[in-house]
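# pasting a predicted model and its sequence here:
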Protein chains: 2
Amino acid sequence: MALIVQKFGGTSVGTVERILGVAQKVKGFVDQGHEIVVVPSAMSGETNRLIGLARDISERPLPREMDVLLSTGEQVTIALLAMALNELGCPAKSYTGAQVCIRTDSAHTKARIQAIDDASMRIDLDLGYVVIVAGFQGMDDAGNITTLGRGGSDTTAVALAAALKADECQIYTDVDGVYTTDPRVVSSARRLDKVTFEEMLEMASLGSKVLQIRAVEFAGKYNVPLRVLSTFEDGPGTLITTEELDAMEQPIISGIAFSRDEAKLTLVGVPDVPGVAAKILAPVGHKNIEVDMIVQNVGVDQTTDFTFTVDRNDLDIAFEVLEGVSTALGAREVRQDAKICKVSVVGVGMRSHAGVATQMFETLAAEGINIQMISTSEIKISVVVDEKYLELAVRSLHTAFELSEKDVQKTA
Amino acid sequence: MALIVQKFGGTSVGTVERILGVAQKVKGFVDQGHEIVVVPSAMSGETNRLIGLARDISERPLPREMDVLLSTGEQVTIALLAMALNELGCPAKSYTGAQVCIRTDSAHTKARIQAIDDASMRIDLDLGYVVIVAGFQGMDDAGNITTLGRGGSDTTAVALAAALKADECQIYTDVDGVYTTDPRVVSSARRLDKVTFEEMLEMASLGSKVLQIRAVEFAGKYNVPLRVLSTFEDGPGTLITTEELDAMEQPIISGIAFSRDEAKLTLVGVPDVPGVAAKILAPVGHKNIEVDMIVQNVGVDQTTDFTFTVDRNDLDIAFEVLEGVSTALGAREVRQDAKICKVSVVGVGMRSHAGVATQMFETLAAEGINIQMISTSEIKISVVVDEKYLELAVRSLHTAFELSEKDVQKTA
């Protein structure tokens, strides 16, 4: 018998029929003797409907009232799911975030969980109830309703699992696990049985939108075993774990991640003096624009070129800011390029294997793909290339690092 | 400067435009220096939408979960109204029933308010906020969400007004006050400036659906001045008050109420022995059917006829029950009649005026309307007549008791 926290996303509870389907799935676990806490999202479309109402009233609705409004979406789902479970003869009780004392800070619409009181949930679990908790929401010290931001239900589920010391936190989505890369790009992409939290973080931040980054961080920090599974098909999914596999079975590379959402900015001919990077990036930061990769070339003629990437949606504002900076610093020119993409190889195995970078660059060179920027971390190497090469780059790297099903069978 | 609690019904907040209109109206009072607490209902249609979702999942959804579900309707409105007021530059904060500690018993879907803690509302009012509280909902001692039943927002408003010792509780609806009778039946019906709580209770229970009976009872008990007004037109509305007018200006009759929702059942030839009434009514009560008027004729031949009225929706079940009773008691026959209506004259003035009953019966007789049943209270006389006479009875009584505008001008 295990204590399992199960999170179901908006698509999984998008209709009354699907809510009944989720209830059936949950009941299956209860019938096996497990204790279950369920965290559903709002029915798909509901959050957007509520945002639409708010926007009709105000261009900038008060964040405090936005939270009062949006938290109703999950509250509807928990009630319907509790009804569905009871209808199946499976006793269940629903709770809002406030009711199970999910304490957050007061940063409305993007609050962070600070504490959870698990006492009332434990009592219900001991009495044999399935406990259903509204995802995405909490309450600050003053009793105001808060929300955790989009995708916050993942974080709620992980936080509940940590507070209850659950055996596993299961995230049910419309994909059946984490893949070596996006199967829409590489049809032979393989579902991973296990990945480490570090790898998952790199994959998530690079555009694998299976899990919310904060939820993965939280799970890693509190050592909550996390599993990604499909709501609609049975299967083991992918387990995200702190255990590293031993060297024999550890693959060097776990997956190829990519992102099309980036754009590149270059300040050409900046004076090559100390403090110039800060002078360039500070005004960008002031506009709340996040900078991802940064490259500064070695200077010639006392000038240098300074390049960085931002989210493509922020390109126009960042370009405006840079034009001001350029004048102030006496730079030669500002260049922008939205037609780029980022491709990364990710794997804890590269810690103990030299030559991953070489193999990556050779593979790309063999395909005639020019590398525009490079950035590395302990378990990841990312390159920026022309957008048109994205599929080719991902496919060739997937093959080169032997990530397909047939490669695994070959080496086994 | 006054402290006013204002309740707006579902039609008044049925669209984003109407919510903005309500915000304008509330701001008008704030600009005059008043302190305002607003209690909105769910947007019209929303409660039925939610009930529809629940019914798709379960024929008998759990009452506890029904309350979690339905309470979201009002929560959406309070957030949108707070946004709208802030948009107009009028600081406002919204609260759920639980947040302002509206304590109820645990009778889910029909809970009763037991206590309200006004401390947090007072703080906000002192800081210059409009306080917006979700109607219809509360929280029991264990922290479960409860609802007060349909129309419960009226009760919330009155209870808040009592707790805050407000100067007035204003109920905004789509009619501009309480009328001497339904203007759709008598076009010369006149809006009353004032009625007493007792009169309002008789009118409400007799089918004038302006106000929820429980809210009127509550207001009378705690002496909260209650005013019914139109959301869509300006006007003084009708004040419901404990003050009785002095004899000079007190009309004998305040209004003519009526109900088409009744049906009549007669048990013919029941043994005329002690205890027979209880034997007839107890099984009806066990089916949760409320009995309204009861008439038992003086017996002849040791038998009597026993007649009572029930809600027309309950007629079939009540008839079935009575057939069982009839056999058990050895009665001759059970008769039913759905084609009846109840017409009542209501007025605290009849306490000090004899002859109201005579005038009522003479008026009906002059129109050839046969009276089937009669029941009286201190401030009301009700008769049951054939349904087809309803309009004629109401019109002739309205004229006989001089309730029209022109009658008032004539006597003035």
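Yep, it's here. Numbers count the residues shown, from 1 in each chain, chains lettered A, B, ... in the order given.
# can you give me the end-to-end span of stretch A:2-12?
For stretch A:2-12, the first-to-last residue distance is 23 Å (CA to CA, to the nearest Å).
# now do the helix or strand harbouring A:Val383: distance to the chain's middle.
Here A:Val383, judged by DSSP states H and E, is contained in strand A:380-386. Strand A:380-386 sits 19 Å away from the centroid of its parent chain (CA atoms, centre = their mean, to the nearest Å).
# who in the stretch 51-200 of chain A is up against chain B?
Listed as neighbours of chain B in the stretch 51-200 of chain A under the rule CB under 8 Å from any CB of the partner chain: A:53-54, A:56-58, A:61-62, A:64-66, A:68-69, A:71-72, A:75-76, A:78-80, A:82-84, A:86-87, A:93-94, A:96, A:98-99, A:120, A:143, A:145. Just so you know, the C-beta spots here come from the backbone N, C-alpha and C atoms, and that holds for glycine as well.
# let me know the outermost residue of chain A.
A:Asp301 (43.0 Å; CA atoms, centre = their mean).
# which among the residues of the stretch 51-200 of chain A next to chain B end up buried?
A:53-54, A:56-58, A:61-62, A:64-66, A:68-69, A:71-72, A:75-76, A:78-80, A:82-84, A:86-87, A:93-94, A:96, A:98-99, A:120, A:145 (16 or more other CB atoms under 10 Å in any protein chain shown).
# start and end of stretch A:366-377, how far apart?
24 Å.
# could you do stretch A:188-196 as well?
22 Å.
# got it, and stretch A:333-344?
One end of stretch A:333-344 to the other measures 29 Å (CA to CA).
# quick one: average confidence on it?
Taken as a whole, stretch A:333-344 carries a mean pLDDT of 94.
# who's in contact with that stretch?
Contact with stretch A:333-344 is made by A:202, A:206, A:256-260, A:262-269, A:292-293, A:309, A:312, A:315, A:319, A:322-323, A:326, A:372, A:380-390, A:393-394, A:397, as judged by CB atoms under 8 Å, 6 or more residues apart in numbering or on different chains.
# return the subset of the residues you listed lying in strands.
Cross-referencing these against strands under DSSP state E gives A:256-259, A:262-269, A:292-293, A:309, A:372, A:380-386.
# could you list the domains of chain A?
Per automatic domain parsing, the structural domains of chain A span A:3-174, A:245-412.
# which one, of the ones you listed, ends up nearest to B:Lys194?
Counting by CB to CB, B:Lys194 lies closest to domain A:3-174 out of those; the figure is 36.8 Å.
# flag the shaky bits of the stretch 101-250 of chain A, pLDDT-wise.
Low-confidence segments of the stretch 101-250 of chain A, defined by pLDDT under 70: A:205-209, A:244-250.
# any idea how far A:Phe136 lies from B:Leu192?
With the distance defined as CB to CB, to the nearest Å, A:Phe136 ends up 50 Å from B:Leu192.
# contacting residues around the residue nearest to A:Asp118 when sequence neighbours are not counted?
Nearest residue to A:Asp118 in three dimensions, chain neighbours excluded: A:Ala163, at 4.6 Å (CB to CB, 6 or more residues apart in numbering or on different chains). Contact partners of A:Ala163, counting by CB under 8 Å, 6+ apart, are A:116-118.
# switch the cut-off to 10 Å
A:Ala163 is in contact with A:5, A:37, A:100-102, A:113, A:115-118, A:121-122, A:222, A:224, counting by CB atoms under 10 Å, 6 or more residues apart in numbering or on different chains.
# I'd like these written out as a markdown table, with secondary structure and neighbour count added.
Shown next, in a markdown table, are these (DSSP: H, G, I helix; E, B strand; the rest coil; neighbours: other CB atoms under 10 Å in any protein chain shown):
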| residue | secondary structure | neighbour count |
| --- | --- | --- |
| A:Val5 | strand | 28 |
| A:Val37 | strand | 28 |
| A:Val100 | coil | 24 |
| A:Cys101 | coil | 18 |
| A:Ile102 | strand | 28 |
| A:Ile113 | strand | 23 |
| A:Ala115 | strand | 12 |
| A:Ile116 | strand | 21 |
| A:Asp117 | coil | 12 |
| A:Asp118 | coil | 17 |
| A:Met121 | helix | 23 |
| A:Arg122 | helix | 15 |
| A:Tyr222 | coil | 14 |
| A:Val224 | coil | 28 |
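# which of those residues lies closest to A:Ile280?
Distance to A:Ile280 across the contacts of A:Ala163 (CB to CB) is lowest for A:Ile113, with 35.3 Å.
# tell me the bridge partners for the closest one.
For A:Ile113, the beta-bridge partners under DSSP bridges are A:Thr104.
# isn't it right next to A:Val100, touching?
No - using CB atoms under 10 Å, A:Ile113 is not in contact with A:Val100, being 11.5 Å away.
# which neighbours do the two share?
Contact with both A:Ile113 and A:Val100 is made by residues A:138, A:156, A:160, A:163, according to CB under 10 Å, 6+ apart.
# any chance of the residues you listed in a markdown table, plus secondary structure?
A markdown table is the format used below for the shared contacts of A:Ile113 and A:Val100 (DSSP: H, G, I helix; E, B strand; the rest coil):
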| residue | secondary structure |
| --- | --- |
| A:Gly138 | strand |
| A:Thr156 | helix |
| A:Leu160 | helix |
| A:Ala163 | helix |
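# among those residues, who's most crowded?
A:Gly138 (31 neighbours; other CB atoms under 10 Å in any protein chain shown).
# check contacts around that one.
Contact partners of A:Gly138, counting by CB under 10 Å, 6+ apart, are A:67, A:71, A:96-98, A:100-105, A:111-116, A:144-148, A:152, A:155-156, A:159.
# what is the burial count for whichever residue of the stretch 201-350 of chain A sits closest to chain B?
Across the stretch 201-350 of chain A, the shortest distance to chain B (CB to the nearest CB) belongs to A:Thr231, at 17.4 Å. Other residues within reach of A:Thr231, judged by other CB under 10 Å, total 20.
# equivalent analysis for A:Gly324, please.
Each residue near A:Gly324 was counted by other CB under 10 Å, and the total is 11.
# now the angle between helix B:63-87 and the host helix or strand of A:Thr72, please.
Assigned by DSSP H and E, A:Thr72 falls within helix A:63-87. Using axes from the mean of the first three to the mean of the last three CA atoms, to 10 degrees, the inter-axis angle of helix A:63-87 relative to helix B:63-87 is 170 degrees.
# now do the helix or strand that helix A:63-87 is followed by, average pLDDT.
Counting by DSSP H and E, the element after helix A:63-87 in chain order, helix or strand, is strand A:92-95. Strand A:92-95 carries an average pLDDT of 98.
# A:Gln170: what's it in contact with?
Neighbouring residues of A:Gln170 by CB under 10 Å, 6+ apart: A:4-8, A:29, A:36, A:38-39, A:157, A:161, A:225-229, A:237, A:239.
# if you set the cut-off to 6 Å instead, what comes out?
With contacts defined as CB atoms under 6 Å, 6 or more residues apart in numbering or on different chains, A:Gln170 is in contact with A:6, A:227, A:229.
# what does A:Tyr95 give?
The neighbours of A:Tyr95, taking CB under 6 Å, 6+ apart as the test, are A:Val133.
# could you do A:Asp314 as well?
Contacts for A:Asp314 (CB under 6 Å, 6+ apart) come out as A:Ile289.
# give me phi/psi at the residue positioned nearest the centre of chain A?
Closest to where the C-alpha atoms of chain A average out (CA atoms, centre = their mean) is A:Gln212, at 3.0 Å. Per-residue torsions, A:Gln212: phi -70, psi 130 (degrees, to the nearest 10).
# would you check that it makes contact with A:Ser153?
No - the pair A:Gln212 and A:Ser153 does not pass the contact test of CB atoms under 6 Å, sitting 8.4 Å apart.
# can you give me the helices in the stretch 201-350 of chain A?
Secondary structure of the stretch 201-350 of chain A by DSSP state H, counting those that start in this stretch: the helices cover A:213-221, A:276-286, A:315-329.
# so for A:Phe136 and B:Leu192, which sits in the more crowded spot?
Higher neighbour count among A:Phe136 and B:Leu192: A:Phe136, with 28 against 22, using other CB under 10 Å.
# alright, I will stop here.
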